[in-house]
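>>> Using only what follows, build the 3D model:
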Amino acid sequence: MAAYNPFVPLRVFSSYSMLEGAIDPKAIAKLAKERGFPAIAVCDRNGLYAAPAFASACKDAGIQPLIGTLLAVAREGSDAIDWLALYAQSEAGWLNLCHLVSRAHLERPLEREPHVQLADLEGHTDGVIALTGAGEGALARLLAGGKAEAAHDLAAHLSALFPGRLYVEIARPKEVLLQGWDLDGNEVTIEADELLARLFQHELDHLNGTLMVEQNPSAPRFIRTERGSGYIFTVPEETGRPP
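Below you'll find the predicted structure:
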């Protein structure tokens, strides 16, 4: 269990995030204790439904519960909907989350999915910590679309809304291309997207560039790689092939 310390998961979907989460809120606390997490956050989309049961179970398990929501926010000047991860830091923060989630459901056109306008956050951010939403957030999407000035303006706006309480989430690419060699010295190329792409990146981050992909039947058992630029993971020829 020590390997998990002091990691704190901040983006857990409960079973209240339909089609994305499958864990009962009470079970999240049990799993956190089994894995030695000192704290864990529930962050369902546009909802706080899991909070009471989750918080109670965490208290019984001796785990610090963190209550959050992944809030849908309409992008100014377009029909795009982005996501902002918000967490209650205090009782005032909890009340502000309740207000924003209720507004997302009750004060929007019925033909559209629940969301708020960025302006709706004004006056309702005290006691709230914000994460930028990684690849689902407007900041990363604007930068990916080459709109650096708009991204800068958004970052400044969010910083003003959450002074000292705004954190930028690093977004991993959804598609990757890996190039390297298997243990027999044969050149290997693997294209991956979505979950498999995230799995490969996670392995590369933690295994010093030696990627173990034995669970993927379409790939060799091992591939030796070195991180390159952009979405390409490759091994320069001058580094030599694996023995």
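
>>> Quick one: the strands in the protein, in order.
Using DSSP state E, the strands of the chain run over residues 39-45, 64-74, 81-88, 116-117, 128-131, 166-167, 175-181, 187-193, 210-212, 222-224, 232-233.

>>> Dump these into JSON lines; add distance to Ala156 and mean pLDDT as well.
C-beta coordinates here come from the backbone N, C-alpha and C atoms, glycine included. Listed next are the strands of the chain as JSON lines, based on distance: least, CB to CB, whole Å; pLDDT from 0 to 100:
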{"stretch": "strand 39-45", "distance to Ala156": "25", "mean pLDDT": "97"}
{"stretch": "strand 64-74", "distance to Ala156": "16", "mean pLDDT": "97"}
{"stretch": "strand 81-88", "distance to Ala156": "15", "mean pLDDT": "97"}
{"stretch": "strand 116-117", "distance to Ala156": "18", "mean pLDDT": "96"}
{"stretch": "strand 128-131", "distance to Ala156": "14", "mean pLDDT": "98"}
{"stretch": "strand 166-167", "distance to Ala156": "10", "mean pLDDT": "97"}
{"stretch": "strand 175-181", "distance to Ala156": "30", "mean pLDDT": "78"}
{"stretch": "strand 187-193", "distance to Ala156": "33", "mean pLDDT": "81"}
{"stretch": "strand 210-212", "distance to Ala156": "39", "mean pLDDT": "56"}
{"stretch": "strand 222-224", "distance to Ala156": "42", "mean pLDDT": "44"}
{"stretch": "strand 232-233", "distance to Ala156": "32", "mean pLDDT": "38"}
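
>>> could the ones you listed go into JSON lines alongside mean neighbour count and distance to Gly137?
Listed next are those as JSON lines, based on neighbours: other CB atoms under 10 Å; distance: least, CB to CB, whole Å:
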{"stretch": "strand 39-45", "mean neighbour count": "23", "distance to Gly137": "13"}
{"stretch": "strand 64-74", "mean neighbour count": "22", "distance to Gly137": "9"}
{"stretch": "strand 81-88", "mean neighbour count": "22", "distance to Gly137": "6"}
{"stretch": "strand 116-117", "mean neighbour count": "19", "distance to Gly137": "14"}
{"stretch": "strand 128-131", "mean neighbour count": "22", "distance to Gly137": "8"}
{"stretch": "strand 166-167", "mean neighbour count": "14", "distance to Gly137": "11"}
{"stretch": "strand 175-181", "mean neighbour count": "19", "distance to Gly137": "18"}
{"stretch": "strand 187-193", "mean neighbour count": "15", "distance to Gly137": "20"}
{"stretch": "strand 210-212", "mean neighbour count": "16", "distance to Gly137": "28"}
{"stretch": "strand 222-224", "mean neighbour count": "21", "distance to Gly137": "31"}
{"stretch": "strand 232-233", "mean neighbour count": "17", "distance to Gly137": "24"}
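
>>> which one of the ones you listed lies closest to Lys147?
Among the strands of the chain, strand 81-88 comes nearest to Lys147, with 12.6 Å by CB to CB.
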